[in-house]
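Engineer: coords below, sequence missing:
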């Protein structure tokens, strides 16, 4: 299974797992991939001369590994190893789920060590009660609460009688430390995550969980809970259970969280290998670009003078307006890449962040600080039907650490956006701004007037100063939010 860039070389890696037959088979293997085709031999002495990577020793039980995303926020893809039949904390077959942090070295890991509280290589998630079989279903959920750490979706499947089961799902928040998590705490409302209670008692062992991407367009990923063989019982009494006849169901669960004002994401990338762990992951990692708040693909270059080493991109997503007359979202991009020439960047916004802007005219601007000077991207393509901007950045005009904003106003290279209604660009809104706007309406603009600052009506502007704009500027001075007429 492809799991993303585990070792930070900018190339997605794979994980192999299987049902053990002997103690020598109690391993999950993370294989570091390289460009080109080659035969890899997975032997008990892995890593070997055919492949690099590291082994993860587990219990002599059925063990399976999956992609997790960047759970601890270090820019490396992590994996999740599930052992549904594991017993711990005096709970028989409660199940255990292990998050194994990505790393560049090849030292082997043991799940028994990770089970120790505060282990540096990952952390364990304990099943909530006897027979819960936590990890029966598991998936990377994306950053459901928007804090910069990928979250994990864990399903339980508990037998309560002959051919009858109950299942629940848990969204477990990502975090940077190795402290163990007990699903009992999440059930009680005191743990790092939320519980999604199952629909009731049903026939057959069947449960599937998956990240869904941003289904409702709020900028946070949603999840899907599937029960292919669901047939719920509406009543169970002395005469047995009444089957309500539903053959199966799938539930799309919207993220219930309000995202923090900002979050930081990291990813490694080579030329031609965009950060597959994404920046602000929303869902499907197989998409190109992935469903993310930001995606960047460099044409060339590497980390500093080391063209063969992946660069590290650190992106802070600000979910509030940072510069007047721009969208209600901004990005701060820092990279140690050099010699990249140009880069393709995709930025995604949500509807609430573009209120008052003409989305069809949105352009990407960047600057070394929020004070400017602001430079337009080499090219910008607005895709309002997808809430997305596709732009080209030129290294010659871009610093190692720049702010990115979206605006529908046409600024020239080096221009600094003025505040709304500040037509005379003196840093304050006064009746003089309304007077200047009125003179511009009459065709006699004073020198230095910023027409785009006064073009307030309709919201987003129409390219001309009108009496409605003059009135709106005067209302700005009075501290009243203008309503364009």
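Structural biologist: Good, I have the coordinates. Because the structure is predicted, anything quoted here is derived from the model rather than measured.
Engineer: Quick check: residue 58 touching residue 109?
Structural biologist: No. Counting by Cβ atoms under 8 Å, residue 58 stays clear of residue 109, with 9.7 Å between them. (C-beta placed from N, C-alpha, C; glycine too.)
Engineer: Helices of the stretch 1-150 of the chain, start to end?
Structural biologist: 111-114 (DSSP state H, counting those that start in this stretch).
Engineer: so where's it uncertain?
Structural biologist: 18-26, 44, 49-50 (pLDDT under 70).
Engineer: which residues in it form strands?
Structural biologist: Listed in chain order, the strands of the stretch 1-150 of the chain (DSSP state E, counting those that start in this stretch) span 2-4, 13-16, 27-32, 52-57, 64-69, 78-83, 96-100, 109-110, 122-126, 137-142.
Engineer: how distant is stretch 392-400 from the center of its chain?
Structural biologist: Relative to the centre of its chain, stretch 392-400 is centred 24 Å away, using Cα atoms, centre = their mean, to the nearest Å.
Engineer: Could you do stretch 325-336 as well?
Structural biologist: Using Cα atoms, centre = their mean, the offset of stretch 325-336 from its chain centre is 16 Å.
Engineer: Flag every buried residue along it.
Structural biologist: Going by neighbour count (16 or more other Cβ atoms under 10 Å), the buried part of stretch 325-336 is 325, 326, 327, 328, 329, 330, 331, 332, 333, 335, 336.
Engineer: Of these, which belong to helices?
Structural biologist: Using DSSP state H, no member of the buried residues of stretch 325-336 sits in helices.
Engineer: which of these lies closest to residue 470?
Structural biologist: Nearest to residue 470, judged by Cβ to Cβ, of these is residue 325 at 17.8 Å.
Engineer: The closest one and residue 456, how far apart?
Structural biologist: 10 Å (Cβ to Cβ, to the nearest Å).
Engineer: In CSV: the buried residues of stretch 325-336, plus distance to residue 388 and pLDDT.
Structural biologist: Formatted as CSV, the buried residues of stretch 325-336 follow (distance: Cβ to Cβ, whole Å; pLDDT from 0 to 100):
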residue, distance to residue 388, pLDDT
325, 20, 76
326, 16, 85
327, 12, 90
328, 16, 91
329, 12, 94
330, 16, 95
331, 13, 95
332, 19, 95
333, 17, 94
335, 21, 91
336, 27, 90
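Engineer: what ranges of the stretch 151-300 of the chain fall below the confidence cut-off?
Structural biologist: Checking the stretch 151-300 of the chain against pLDDT under 70 turns up 161-163, 200-206, 229-247, 272-291.
Engineer: hey, where'd the helices end up in it?
Structural biologist: 183-187.
Engineer: What segments of it are strands?
Structural biologist: So, for the stretch 151-300 of the chain - with DSSP E, counting those that start in this stretch - the strands run 151-161, 164-172, 181-182, 193-196, 202-203, 208-213, 222-227, 233-237, 240-243, 249-253, 262-269, 279-281, 292-298.
Engineer: Near residue 459, how many other residues are there?
Structural biologist: By the criterion of other Cβ atoms under 10 Å, residue 459 has 14 neighbours.
Engineer: Same question for residue 216.
Structural biologist: 12.
Engineer: Compare neighbour counts for residue 58 and residue 109 and give me the winner.
Structural biologist: The neighbour comparison of residue 58 against residue 109 (other Cβ under 10 Å) goes to residue 58, with 27 against 23.
Engineer: Now that one. Nearest residue, chain neighbours left out?
Structural biologist: residue 111 (4.7 Å; Cβ to Cβ, 6 or more residues apart in numbering).
Engineer: For that neighbour, list the residues it contacts.
Structural biologist: 56, 57, 58, 59, 81, 83, 96, 98, 124 (Cβ atoms under 8 Å, 6 or more residues apart in numbering).
Engineer: who touches the nearest residue to residue 356 once chain neighbours are set aside in this structure?
Structural biologist: Using Cβ to Cβ, 6+ apart and skipping residues adjacent in sequence, the residue nearest residue 356 is residue 459, 3.9 Å away. Residues in contact with residue 459 (Cβ under 8 Å, 6+ apart) are 355, 356, 357, 484.
Engineer: Pretty sure residue 459 sits in a strand.
Structural biologist: No. Judged by DSSP: H, G, I helix; E, B strand; the rest coil, residue 459 forms no part of a strand; its state is coil.
Engineer: which residues are contacting the stretch of helix or strand residue 314 belongs to?
Structural biologist: Counting by DSSP states H and E, the element that carries residue 314 is strand 311-318. For strand 311-318, the surrounding residues in contact (Cβ under 8 Å, 6+ apart) are 8, 10, 75, 261-270, 275, 279-280, 293-294, 296, 298, 301-303, 329-337.
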